[in-house]
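**Q** sequence plus the predicted model coming up.
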Amino acid sequence: MFLAKITGNLTATQKVDSMVGQTLFIVEPLRVDEQSQDSLKSTGRTFIAVDTVGAGEGEVVLIVQGSSARFTDETKMLPIDCAIIGIIDTVQIGTKSIYRSN
């Protein structure tokens, strides 16, 4: 599992039947700033993820990849390898809160 920020969405008018109705987001994985440990920063990569929780653009979310992406009731029959499984409210390192949703 890892954290990611939703940076955009996609529309695909032609796709396999099992993907009809699925929301697809562009997500950018995040990591704790290794220098200061007081913020989250981008890893510089992007993925396409299927939303299973009703997330929206700009939110920080919890992502799973690989076969784990197909372990939910909503995704077990989908041809995917990246899924959003949670919306993050806060991230805390020790006693310091480094992220809080709006």
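**A** Perfect, I can see it now.
**Q** so Val16 sits against Met77, correct?
**A** No: if you go by CB atoms under 8 Å, Val16 and Met77 don't touch, sitting 10.6 Å apart. For glycine as for every other residue, the C-beta is placed from the backbone atoms N, C-alpha and C.
**Q** which residues are in contact with each of those two?
**A** Listed as contacting both Val16 and Met77 by CB atoms under 8 Å, 6 or more residues apart in numbering is no residue at all.
**Q** what pLDDT does Glu34 get?
**A** The predicted local distance difference test score for Glu34 is 89.
**Q** pull up the gap between it and Ile93, please.
**A** 11 Å (CB to CB, to the nearest Å).
**Q** can you give me the strands for the protein?
**A** Secondary structure of the chain, counting by DSSP state E: strands at 2-10, 24-32, 40-42, 47-51, 60-65, 82-87, 90-93, 96-100.
**Q** let me have these in a markdown table, extended by mean neighbour count and distance to Asp73.
**A** Supplementary listing: the strands of the chain in a markdown table, determined by neighbours: other CB atoms under 10 Å; distance: least, CB to CB, whole Å:
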| stretch | mean neighbour count | distance to Asp73 |
| --- | --- | --- |
| strand 2-10 | 16 | 22 |
| strand 24-32 | 18 | 19 |
| strand 40-42 | 14 | 29 |
| strand 47-51 | 20 | 13 |
| strand 60-65 | 20 | 14 |
| strand 82-87 | 20 | 12 |
| strand 90-93 | 12 | 27 |
| strand 96-100 | 13 | 28 |
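**Q** sweet, I'm off.
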